[in-house]
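J.: Structure of the sequence below:
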Amino acid sequence: MTVKKMAVSGLLVRSPHNPLITGADIPLPGGAACVFNSGATLHDGEIVMLVNLWDREWIPRFLVGRSRDGIHFDIDPRNRVEPPKEYPYVPHEGIFDTRITTLEGWHYITYNVASRLGGRIMLARTRDFTAIETLGFITGPDHRNCVIFPEKINGLYARLERPNVDDSGDIYLSYSPDLMYWGRTTLVLERNHRYWESAKIGPGAPPVKTEAGWLCLYHGCRQSMNGFSYHAGAVLLDLADPSRIVGKCNQCLLAPEQSYETNGKCPNVVFPTAALRHGAAEELKIYYGAADSAMCLATAGFRNWCMPAWRAGRRDGGRSILLRSEVWQNSMAAVFPSQRDGTEIGRGFSPCVSPPHHFACRQVRGESRRTYGTPSFHFSEQGLKPLPIVVQSLRDEATPNQLEC
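T.: Sure, this is the predicted structure:
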């Protein structure tokens, strides 16, 4: 029997094996009451997931799951991390939301330690997941989650984080000389760019390095009459200066649609936790938590994310004019930027249309202001043929912003 894969947003494909891990799969008496958003990484050819859960007595546990194929996990019942015992932390308030970054021979783990005075982020590390060393808190209260970049940037460690403000939040960037003390904090991305991310946003999977920039999957939340709904989004950050946004998918990558995403301990949640190159050539495995009750998998072609032509420019609300568009095929960029008088027109890549397209375009506002823009709706309107253009001096006004998908 052939199981049909389910396409999502024209970019991600849910695994037909979902959900991969549920409470019933946990090798404890009675299984687990909850399975939270769990981080994963690669180690010795395997995918290792640090499955965070509450057992049937509502005691938090971190269990190690290992998988050769990235789908079927062998879960060790031994708990690897104990919650803090000092005031104000109490076990029933929980430790959860593990994220794992492999860096300089270590697997660094961040997770949230909840308390009535506000959550804080704990840092731990391990060489091989047989033992986990707790290093200490790396934020003050109230922080919800953070992810560490997999290499230093300009000689410093870097992380994306989400301070919790009135149960809302945005994504910030901070640097550290030693992974323990952090500063130089700056805002990277605010919530409310789109309805699906209007209530709060925060880091999801640790950043993935591509030719075009740091691929960062994040969670975006909206509030409706029936409560919160969590979605997965993507933003591309500059390799040398990750405070600079190179591109952004304004369409969410995943929305809670399947029964295991809409029903559970915390319904209507998809929450990305890891993005790993593993398995089939050029495949990106994206692990995500579903409804605080399961861990799931979606996949995408890695080249969809890493084309060096993925670029975007400032959007000033003016009308956008497509300059050139060609089909993306065989993992090769089909577009070449037009150049006249030493001026290069903005280039881009939209993975959220089918088939994906490379394009170059400009945006016009009023009579004199011209900046780059990236409207995907022009693909069907203008077709695939290059358009004649009059190149003007745009370089002084070209600044990075969002990729419109």
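J.: Skipping adjacent residues, who's closest to L135 in space?
T.: Leaving aside its sequence neighbours, L135 sits nearest to L123 (CB to CB, 6 or more residues apart in numbering; 4.5 Å). Where you see a C-beta, it was placed from the backbone N, CA and C, and this is true even at glycine.
J.: What residues are bridge-paired with that neighbour?
T.: When bridges are called by DSSP bridges, L123 pairs up with T110, G136.
J.: Hmm, H107 and it touching each other?
T.: No. Look at L123 against H107 with CB atoms under 8 Å: they stay out of range, at 11.6 Å.
J.: For my notes, confirm A24 occurs in a helix.
T.: Yes. Under DSSP: H, G, I helix; E, B strand; the rest coil, A24 sits within a helix.
J.: correct me, but it touches G30?
T.: No. Taking contacts as CB under 8 Å, A24 lies outside contact range of G30: 9.4 Å.
J.: got any residues that touch both of these two?
T.: Between them, A24 and G30 share no contacting residue under CB atoms under 8 Å, 6 or more residues apart in numbering.
J.: wait, isn't S15 in contact with C296?
T.: Yes. Taking contacts as CB under 8 Å, S15 lies within contact range of C296: 6.9 Å.
J.: Compare those two (neighbour count), which wins?
T.: Shown here are S15 and C296; by other CB atoms under 10 Å, C296 has more neighbours (25 against 19).
J.: Point me to the helix or strand that includes that one.
T.: C296 belongs to strand 294-301 when elements are defined using DSSP states H and E.
J.: just how off-centre is that strand within its chain?
T.: The chain centre lies 12 Å from the centre of strand 294-301; the measure is CA atoms, centre = their mean, to the nearest Å.
J.: Leaving aside the residues adjacent along the chain, what's closest to M180?
T.: Spatial nearest neighbour of M180, excluding adjacent residues (CB to CB, 6+ apart): I138 at 6.0 Å.
J.: Pull the number of nearby residues for that neighbour.
T.: Using other CB under 10 Å: I138 sits among 21 other residues.
J.: And it, how far from S176?
T.: Distance of I138 to S176, given as CB to CB, to the nearest Å: 8 Å.
J.: ok so, going back, list the contacts of the strand holding C296.
T.: Applying CB under 8 Å, 6+ apart, the external contacts of strand 294-301 come out as 8, 11-15, 17-22, 35, 37-38, 49, 51, 70-71, 253-254, 260-261, 264, 270, 273, 282-290.
J.: ok, E282 touching F302?
T.: Yes. Judged on CB under 8 Å, E282 makes contact with F302 at a distance of 4.6 Å.
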